[in-house]
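>>> starting from these lines, generate the structure:
(chains A and B)
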There are 2 protein chains.
Amino acid sequence: MKAAYILPKGFLSAGIYGGLKKSKHLDMGLIYSVAPCEVAAFYTKNKLQSAHIIYDKNIDKEKIHALFANSGNANALTGMQGILDAVEITRAVEETLCLKKNSTLLASTGKIGKKMPMDKILKNIPALVRGLSEKDKNFPVAIMTTDLTVKVKTLSLKLDGKPVVITGVAKGSGMISPNMATMLAFVMTDANIDKTLLFSAAKEAVDLSFNRVTVDGDMSPNDTLFLMANGLAGNKKLSKQGKAYTAFKQAIFKIFYALAEDMNRDGEGATKFVKITIKKAASEKQAAAVARSIANSPLVKTCFFGGSLNPGRIISAAGASLEAIDIEKLELKINGVTIIKDGEMVMKNATATVKEMKTKDLAVELLLNTGKAEYYLLTTDLSVDYIKINADYN
Amino acid sequence: MKAAYILPKGFLSAGIYGGLKKSKHLDMGLIYSVAPCEVAAFYTKNKLQSAHIIYDKNIDKEKIHALFANSGNANALTGMQGILDAVEITRAVEETLCLKKNSTLLASTGKIGKKMPMDKILKNIPALVRGLSEKDKNFPVAIMTTDLTVKVKTLSLKLDGKPVVITGVAKGSGMISPNMATMLAFVMTDANIDKTLLFSAAKEAVDLSFNRVTVDGDMSPNDTLFLMANGLAGNKKLSKQGKAYTAFKQAIFKIFYALAEDMNRDGEGATKFVKITIKKAASEKQAAAVARSIANSPLVKTCFFGGSLNPGRIISAAGASLEAIDIEKLELKINGVTIIKDGEMVMKNATATVKEMKTKDLAVELLLNTGKAEYYLLTTDLSVDYIKINADYN
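Sure, this is the predicted structure:
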């Protein structure tokens, strides 16, 4: 896998500045596939849903040719007008590309509650279409908001002897919580696969990647993931029993996980990358609840930021999950060093743990010692910069 | 009600520096009642419980004469030794005061995971007892941790013609979430009331006051509230049907709410006092879930800090509660100004709302318009200072 944006066969993309952002950063993007795509689509569970999601849900059962994406405006909390705007944008894209109706998906990110600047968007669609290229590098930039890094991954594999490419592009980076995030992620592949199988490969991978990231516990109205497959690699259509499907599923997971990790590393104001793993729990549900309680605790996250050793806060956050855990059985490891054993501090390891707390990557393992289930979450610290970024975001 | 610490009849207290804190701030406190007290006790629901709570739960059915409190050490995550220490401290207090066993409650606050410095505590108990006075002003100071203000309230009323005094003292101020907080609150009264009635008056008041405060969503292992009544006012014992009991209940609620409000105003790093009220909900449970989702959203709280108008974040946080709310029915008011109506921004009120966002006290009202239930929470903003205080807390 490469941290590169190399499009699979038959895909083109583009990114331009359309005047949606005050800064002159690119803010309009387009993906186009010459062959129709099967799509697996996943959306936020927030009860407030962006107009683009309300629109997409109506067409994501169709074969898809294009995806229009914009940053600078979330088209959320925009009422009926937002939905009409969504329709008008996709119609304009379809007309310009000579596509039939309902073959263009939409994805928006940016500020909530502002009407879409339709004149600017419509005026710039022809230029966006003219920019389409197999060698495009602008699309990943056009979907960024407070992201500091471009998030792109490309992976090649052989399925049934045929070279297949999977390319992912994503944006984070605040409002990142399980059930996705203020995230958009688009993954393209030329693999030949039917819709049902594509969805089930994606679903399994989503649960172990994007749904395991929590930067601040907030869930956005815009989170969207599309996995698009146009079949141009020419492999024999994947079947559920075949080895090729297993390889494809693993590749999809790798791409999803790598994008999720990138998002987490680029969490708003993040200075640390923290993987929290709950082990030996009575059930996965319990492990997940404890992991989430720790990962979303501001007191734990400020500790990670300060690099100070305060394992009591981690145990306290675990206890605050209200799960039936037995404090006297707990074992806590920071980067492999045991700092709590049988519910008490291991003082002889304090110095070594203090040193580990200063590192950029933290592996926090909490063993509940009451069963065999396990669950992990990726998270960040809570920094002064997080506050600054979000206090003034307009 | 006065913001003063004036002890009811028969109560004495003291506060000294016993060497538990690196700074020379007072850190050991004692309350003593010459007559035995009925007690209503409430504790954190965190699965990690301070040793003092494990100890107190065993004796809080008894009549109580004294309460030892310390800051500087939470006596949590200290295993069996922590409980043995709790017993030793209360025995020492009882011996020095010539009290019988199991008549002294204990409350600790401070860092988690450190053993109690027993030599310092035991050495200083005689001095603490010698300091007991009806005119003491040191006890409220001795229980402070990161609190910036002393939290004391005194209220007088007549019950059955007899003057009765209720005095409350509390400490906050981080780890503050429903199901209490890193809070200790001790309320003393000379009212004559039996244990069952005392508990039910306290329970009702707790649910509407301390359980409505959330500074950072964290729940501490040490949260403790004691309401102690020694009966020395000489009123006829309160009965459930009497007007006097209703007046007493109201007075207890007033004291609890005032202390809860003080705690919230002094939340770690807080620059704003925010009351979030969910109205016209389908059920109180729904209203509470939506209120909590808004009050604990870092993105909403950083907005309060920045004083920027971003009502979309509030609606998004409401939606993230996953409660069945209808976005198109929502109405949002900031300090009485309607900024969202029928799920859309009321642009003509934007300027007025921006002005309100800059004020120190924010009343956020969200009308779901699907029922009649209501719920409120008190919270704060999330500031740069919150991070700084907690990143370096040792």
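>>> give the bridge partners for the nearest residue to A:Asn264 once chain neighbours are set aside, please.
Ranked by C-beta to C-beta, 6 or more residues apart in numbering or on different chains and with sequence neighbours excluded, the top spatial neighbour of A:Asn264 is A:Leu378, at 4.4 Å. Backbone N, C-alpha and C define where each C-beta goes, glycine included. Counting by DSSP bridges, A:Leu378 is bridged to A:Val213, A:Lys275.
>>> count residues in the vicinity of A:Leu378, would you?
24 (other C-beta atoms under 10 Å in any protein chain shown).
>>> run a quick neighbour tally on the closest residue to chain B within the stretch 1-150 of chain A.
Per C-beta to the nearest C-beta, the residue of the stretch 1-150 of chain A with the smallest distance to chain B is A:Ile112, at 2.6 Å. Applying other C-beta under 10 Å, we find 26 residues neighbouring A:Ile112.
>>> can you pull out the helices in chain A?
Taking DSSP state H as the criterion, chain A contains helices spanning A:51-59, A:79-96, A:118-130, A:139-142, A:195-207, A:243-265, A:284-295, A:298-306, A:311-319, A:350-357, A:384-391.
>>> deepest of those, which one?
helix A:311-319 (a mean of 27; mean count of other C-beta atoms under 10 Å in any protein chain shown).
>>> from memory the residue nearest to A:Asn264 sits against A:Val213, does it?
Yes. Contact criterion C-beta atoms under 8 Å: A:Leu378 and A:Val213 qualify, at 4.9 Å.
>>> is it correct that A:Thr302 is in contact with A:Tyr386?
No. With contact defined as C-beta under 8 Å, A:Thr302 does not reach A:Tyr386; the gap is 10.1 Å.
>>> intersection of neighbour lists for these two?
Residues touching both A:Thr302 and A:Tyr386 comprise B:Ile387, with contact defined as C-beta atoms under 8 Å, 6 or more residues apart in numbering or on different chains.
>>> would you turn the helices of chain A into CSV with mean pLDDT?
CSV is the format used below for those (pLDDT from 0 to 100):
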stretch, mean pLDDT
helix A:51-59, 95
helix A:79-96, 96
helix A:118-130, 98
helix A:139-142, 97
helix A:195-207, 95
helix A:243-265, 95
helix A:284-295, 94
helix A:298-306, 88
helix A:311-319, 89
helix A:350-357, 90
helix A:384-391, 78
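>>> B:Met188: which of those is closest?
helix A:311-319 (28.6 Å; C-beta to C-beta).
>>> give me every residue that touches A:Val39.
A:60, A:64, A:105, A:195, A:198, A:226-229 are the contacts of A:Val39 under C-beta under 8 Å, 6+ apart.
>>> emit the PyMOL select command for whichever of these are buried.
A single PyMOL command selects the buried members of the contacts of A:Val39 (16 or more other C-beta atoms under 10 Å in any protein chain shown):
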select buried, chain A and resi 60+64+105+198+226+227+228+229
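>>> how about the contacts made by the closest residue to A:Lys47 other than its chain neighbours?
Nearest residue to A:Lys47 in three dimensions, chain neighbours excluded: B:Gly319, at 3.7 Å (C-beta to C-beta, 6+ apart). Taking C-beta under 8 Å, 6+ apart, we find B:Gly319 in contact with A:46-49, A:219, A:221, B:325, B:327.
>>> same deal with A:Leu259?
Per C-beta under 8 Å, 6+ apart, neighbours of A:Leu259: A:151, A:153, A:168-170, A:185, A:187, A:209-210.
>>> I'd like to know which of those are buried.
A:151, A:153, A:168-170, A:185, A:187, A:209-210.
>>> of the residues you listed, which pair is most distant in space?
It's A:Val169 and A:Ser209 that sit farthest apart of the buried ones among the contacts of A:Leu259, by C-beta to C-beta, at 14.7 Å.
>>> enumerate the residues of the stretch 201-350 of chain A near chain B.
Residues of the stretch 201-350 of chain A lying close to chain B (C-beta under 8 Å from any C-beta of the partner chain) are A:216-221, A:296-299, A:302-303, A:305-306, A:308, A:310-313, A:315-325, A:327-328, A:340, A:342-345.
>>> same question for the stretch 1-150 of chain A.
Counting by C-beta under 8 Å from any C-beta, the stretch 1-150 of chain A sits next to chain B at A:45-49, A:74, A:76-79, A:111-114.
>>> confidence score at A:Lys47?
Note for A:Lys47: predicted pLDDT of 83.
>>> what does stretch A:94-102 rub up against?
A:32, A:58-59, A:62, A:65-66, A:91, A:93, A:103-104, A:125-126, A:129.
>>> wait, what's in contact with the closest residue to A:Ala260 other than its chain neighbours?
Once flanking residues are discounted, A:Ala260 sits nearest to A:Ser209: 4.2 Å by C-beta to C-beta, 6+ apart. For A:Ser209, the contact set (C-beta under 8 Å, 6+ apart) comprises A:253, A:256-257, A:259-260.
>>> how much space separates the residue nearest to A:Lys47 from B:Pro298?
Here B:Gly319 is placed at a distance of 16 Å from B:Pro298 (C-beta to C-beta, to the nearest Å).
>>> please apply the same query to A:Leu367.
Remark: distance between A:Leu367 and B:Pro298 (C-beta to C-beta) = 29 Å.
>>> now do A:Phe253
Per C-beta to C-beta, A:Phe253 is found 29 Å from B:Pro298.
>>> same thing with A:Val206?
Distance from A:Val206 to B:Pro298, by C-beta to C-beta: 24 Å.
>>> and A:Asn138, by the same measure?
32 Å.
>>> same question for A:Ala295.
In terms of C-beta to C-beta, A:Ala295 sits 13 Å off from B:Pro298.
>>> please apply the same query to A:Glu331.
From A:Glu331 to B:Pro298 the distance is 30 Å (C-beta to C-beta).
>>> residue furthest from the geometric center of chain A?
A:Lys348 (39.8 Å; C-alpha atoms, centre = their mean).
>>> distance of that one relative to chain B?
Between A:Lys348 and chain B the computed distance is 14 Å (C-beta to the nearest C-beta, to the nearest Å).
>>> now for that residue: which residues touch it?
Taking C-beta under 8 Å, 6+ apart as the definition, A:Lys348 has no contacts.
>>> local confidence estimate at it?
On pLDDT, A:Lys348 comes in at 92.
>>> for the one 10 residues further on, same thing?
pLDDT, A:Lys358: 90.
>>> tell me who's in contact with it.
Neighbour list for A:Lys358: A:Gly307 [criterion: C-beta under 8 Å, 6+ apart].
>>> and it, its phi and psi?
Here is the backbone geometry of A:Lys358 (degrees, to the nearest 10): phi -80, psi -10.
>>> between the contacts of A:Ser209, which is closest to chain B?
Nearest member of the contacts of A:Ser209 to chain B, counting by C-beta to the nearest C-beta, is A:Ala260, at 19.1 Å.
>>> now that closest one: how far from A:Arg212?
7 Å.
>>> overlap of the contact sets of the two?
Residues touching both A:Ala260 and A:Arg212 (C-beta under 8 Å, 6+ apart) are A:Leu378.
>>> ok so, going back, now, the most widely separated pair of the contacts of stretch A:94-102?
A:Asn58 and A:Pro126 (25.6 Å).
>>> returning to what we had before: columns distance to B:Leu20 and neighbour count on top of the contacts of B:Gly319, output as JSON lines?
Conversion of these to JSON lines gives the following (distance: C-beta to C-beta, whole Å; neighbours: other C-beta atoms under 10 Å in any protein chain shown):
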{"residue": "A:Asn46", "distance to B:Leu20": "46", "neighbour count": "28"}
{"residue": "A:Lys47", "distance to B:Leu20": "48", "neighbour count": "20"}
{"residue": "A:Leu48", "distance to B:Leu20": "48", "neighbour count": "26"}
{"residue": "A:Gln49", "distance to B:Leu20": "52", "neighbour count": "24"}
{"residue": "A:Met219", "distance to B:Leu20": "42", "neighbour count": "28"}
{"residue": "A:Pro221", "distance to B:Leu20": "48", "neighbour count": "29"}
{"residue": "B:Ile325", "distance to B:Leu20": "48", "neighbour count": "25"}
{"residue": "B:Ile327", "distance to B:Leu20": "52", "neighbour count": "20"}
